[in-house]
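S.K.: just coords:
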C-alpha cells in the first residue's frame, strides 16, 4: 500500500501513464473511425453514442485498473466507480462523438485526474491529427513532448474565439441566451468558431484560438482540459468567472458545467462582456 501511494503521487508516472494510455486509445479510435455509426442515447437525444465510445472507454478503464487499482473512475458511458479514494480519473472516451460518427475528424479523447477536488494531471489526444497533449500540476503542458505556453495578448479584434452553442431540450430559451452572448463576443473579437469538441481547446492551448467558452458540458469534458489550460498559463473558470466546483466528483456525473478558458487579459475582457449583457442565462 505504501509503494502504491508513492507511485500514485509521482508526476513522472502520471505523464508516462497518460501518454501511453491516450496513444493506445487513439489507435483504437483511428481503427474505428469511418467504420461505425452513431445512435442517439436513450436518456439524452442530443447526445450520440458509437461502438468506439465503448471500446475506448473499456480500454482506458482497464489501463487505470491495472496501474491505479485503488483510484476512483468516472467514465461518460459507464458511470462512476467509487473506491473511496482521494484520486478520481475522469474519462471522455470520444469527445465530439457526433463528429466522429459522420466522419468528421474534429474529435478527441480526454483523461483527467482529480486529487480530491483539484485537477492534478490530465491529457487529451486528437487521434486523426496525431497530437497528444499532456499536463501535470506545476510541470507544464506538452504537445507531443514540446512545451506550450499561451501568449497574453490584448489585440482582441485579431483573436478568434471558440464558443459552443448547444441545443438544450429542457430549456430551448437557453439557445437564445447563448446566442446573445455570442453576438456580443463576436463584436469585440475577430471571429467566433466551434467544433463541439476538445479540438477547440487543443487549438487554443497551441496558440490558434484566443479563448474557449461553453455553456453546456459535463465533468468529463472539463478536468483534462482544465489542467492543460492552467499549465499553459491560462485561466479556467466557469462561464461567469467563478471557480469550477469538482467537490465530491462522483456525485457530479449529472451536473452541468460551463467554462471560460483564456489568458488573463482575454479572460478579463470576456468577463466584462459577459457581465455587461444583463442577467446570466438560465442553466441547462
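M.R.: Yep, it's here. Remember, predicted model here, so these are calculated numbers, not experimental data. Numbering: from 1, shown residues only.

S.K.: Helix or strand: which one has residue 267?
M.R.: Residue 267 belongs to helix 264-275 when assigned by DSSP states H and E.

S.K.: how far is that helix from where the chain is centred?
M.R.: Taking Cα atoms, centre = their mean, to the nearest Å, one finds the center of helix 264-275 at 20 Å from the center of the full chain.

S.K.: How about stretch 235-254?
M.R.: Distance of stretch 235-254 from the chain centroid (Cα atoms, centre = their mean) equals 12 Å.

S.K.: First-to-last residue distance for it?
M.R.: This stretch, stretch 235-254, spans 24 Å end to end (Cα to Cα, to the nearest Å).

S.K.: next one: stretch 215-229
M.R.: Termini of stretch 215-229 sit 17 Å apart (Cα to Cα).

S.K.: pLDDT of that stretch, averaged?
M.R.: Regarding stretch 215-229, the rounded mean pLDDT is 96.

S.K.: With stretch 238-254 instead?
M.R.: Mean predicted lDDT for stretch 238-254 stands at 97.

S.K.: Give the buried residues for that stretch.
M.R.: 238-239, 244, 246, 249-250, 252 (16 or more other Cβ atoms under 10 Å). (Each C-beta comes from the backbone N, C-alpha and C, glycine too.)

S.K.: what does stretch 144-151 give?
M.R.: Buried residues in stretch 144-151 (16+ other Cβ under 10 Å): 148, 150.

S.K.: again, but for stretch 108-119
M.R.: Buried residues in stretch 108-119 (16+ other Cβ under 10 Å): 108-115, 119.

S.K.: And the contacts of the helix holding residue 267?
M.R.: 152-154, 156, 159, 161, 181, 184-185, 188, 210-211, 213, 234-235, 237, 239-241, 260-262, 280 (Cβ atoms under 8 Å, 6 or more residues apart in numbering).

S.K.: Mind doing that once more with 6 Å?
M.R.: With Cβ atoms under 6 Å, 6 or more residues apart in numbering as the test, helix 264-275 has contacts from 152, 154, 156, 184-185, 210-211, 235, 241, 260, 262.

S.K.: what does stretch 154-171 give?
M.R.: Contacts of stretch 154-171 with the rest of the structure, by Cβ under 6 Å, 6+ apart, involve 46, 174, 178, 182, 185, 188-194, 200, 209-214, 216, 265, 269, 284.

S.K.: Ok, stretch 107-117 next?
M.R.: 25, 86-92, 94-96, 99-100, 120-126, 197-198, 223-224, 246-247, 249.

S.K.: Please give the centre-to-centre distance between that stretch and its chain.
M.R.: Distance of stretch 107-117 from the chain centroid (Cα atoms, centre = their mean) equals 7 Å.

S.K.: Tell me where the stretch 1-150 of the chain has helices.
M.R.: All helices of the stretch 1-150 of the chain, identified by DSSP state H, counting those that start in this stretch, fall at 2-8, 11-32, 51-67, 97-101.

S.K.: Looking at the ones you listed, which is nearest to residue 276?
M.R.: helix 97-101 (32.4 Å; Cβ to Cβ).

S.K.: I'd like to know which elements the closest one is packed against.
M.R.: On a contact count with 3 or more Cβ pairs under 6 Å, 6 or more residues apart in numbering; DSSP states H and E, helix 97-101 meets strand 44-49.

S.K.: again, only using 8 Å
M.R.: Helices and strands touching helix 97-101, by 3 or more Cβ pairs under 8 Å, 6 or more residues apart in numbering; DSSP states H and E, are strand 44-49, helix 51-67.

S.K.: Quick one: neighbours of the residue nearest to residue 276 when sequence neighbours are not counted, just the number.
M.R.: Residue nearest to residue 276 in three dimensions, not counting chain neighbours: residue 184, with 7.7 Å by Cβ to Cβ, 6 or more residues apart in numbering. Residue 184 has 15 neighbours, counted by other Cβ atoms under 10 Å.
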